[in-house]
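1. with the input below, show me the fold.
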Amino acid sequence: MALPRLNETIWYDLKLPSSGEVIHYRPFLVKEQKILLFAGESNQPKQVIRAITDTIKSCVQEDIDVMTLSSFDVDYIFTRIRTKSVGETSDLVMKCTECEGENSVKVDIMKTEIVGDMKAKTVQLTPEISVEMHYPTYQDLMANTSVFDDKETPTASDASMNLIISCMKTLYTEDERIDMKNESMQERINFIDSLNSQQFEKVGQFIQDIPKLTFKDKFTCEHCGHENDMLVEGMDSFF
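-> Numbering: from 1, shown residues only. Presented below is the predicted three-dimensional model:
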């Protein structure tokens, strides 16, 4: 006789930060949790990304292409799935800015939010030339072997350069509309290399402004009583 299958019909809804689209999700189960634990122990970014995206595919009711969602949409979905799976709080260790003592602080993950402008941005490089940027997807991150390589640690400049290249969507000139994904990597590198420092700073600022999963609060140091501002950014803190 077949054994019953539990917990596969409990559904919750959320709105994607970037679009407001409503999707439905269930908590992850032991079969997904084992994959997440294995990925976390591996310390391999690519394995972590695969585990996160595979878990979302399994737990979301709608047929969404997780790899083409913005990375902050994926972070938001995953943290919401996590709260319904293993609890809505996470214990973090925060250092006091006054005495540098370490404090265990309980964070309500449901109070995390995506902070930043979530609209695509067009960067004007010259009066005649502009480039439309898009926020990175996990597909971009997986493909970017210079940023996420299992064997080598890239420099910050290499990581920034490759992320900028990944985020260039369309180049506009007076006469043309050029889809950057149809251009070779070397052509895109040559284009970036041709920018002056002011133009490069403009596209670089886009990377600096990528929306982030953020938690803001205050905590009182248990050692000296100093009240600290608390800012936690990124999903890594809650994985």
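2. where in the chain is pLDDT low?
-> For the chain, the stretches flagged by pLDDT under 70 are 1-9, 143-159, 239.
3. helices of that one, start to end?
-> Assigned by DSSP state H, the chain shows helices spanning 30-42, 45-59, 71-86, 138-143, 156-167, 185-193, 197-208.
4. quick check: domain ranges of the protein?
-> Domain ranges of the chain: 1-87, 89-112+216-239, 119-208, per automatic domain parsing.
5. can I get those in JSON lines including mean neighbour count?
-> All C-beta atoms are positioned from the backbone trio N, CA, C, and that covers glycine. Formatted as JSON lines, these follow (neighbours: other CB atoms under 10 Å):
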{"stretch": "domain 1-87", "mean neighbour count": "16"}
{"stretch": "domain 89-112+216-239", "mean neighbour count": "14"}
{"stretch": "domain 119-208", "mean neighbour count": "14"}
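6. ok so, going back, list just the one of the helices of the chain that sits closest to residue 225.
-> helix 71-86 (30.8 Å; CB to CB).
7. how about residues contacting the closest one?
-> Applying CB atoms under 8 Å, 6 or more residues apart in numbering, the contact partners of helix 71-86 are 10, 12, 14, 16-18, 23, 25-28, 33, 52-53, 55-56, 59-60, 66, 69, 109-110, 112, 114, 116, 118, 135-138, 140-141, 210-213, 234-235, 238.
8. by contact count, what packs against the longest strand seen in the chain?
-> When the chain is parsed with DSSP state E, its longest strand is strand 212-220. When contacts are defined as 3 or more CB pairs under 8 Å, 6 or more residues apart in numbering; DSSP states H and E, strand 212-220 packs onto helix 71-86, strand 102-108, strand 113-115, strand 227-233.
9. I am finished for the moment; much appreciated.
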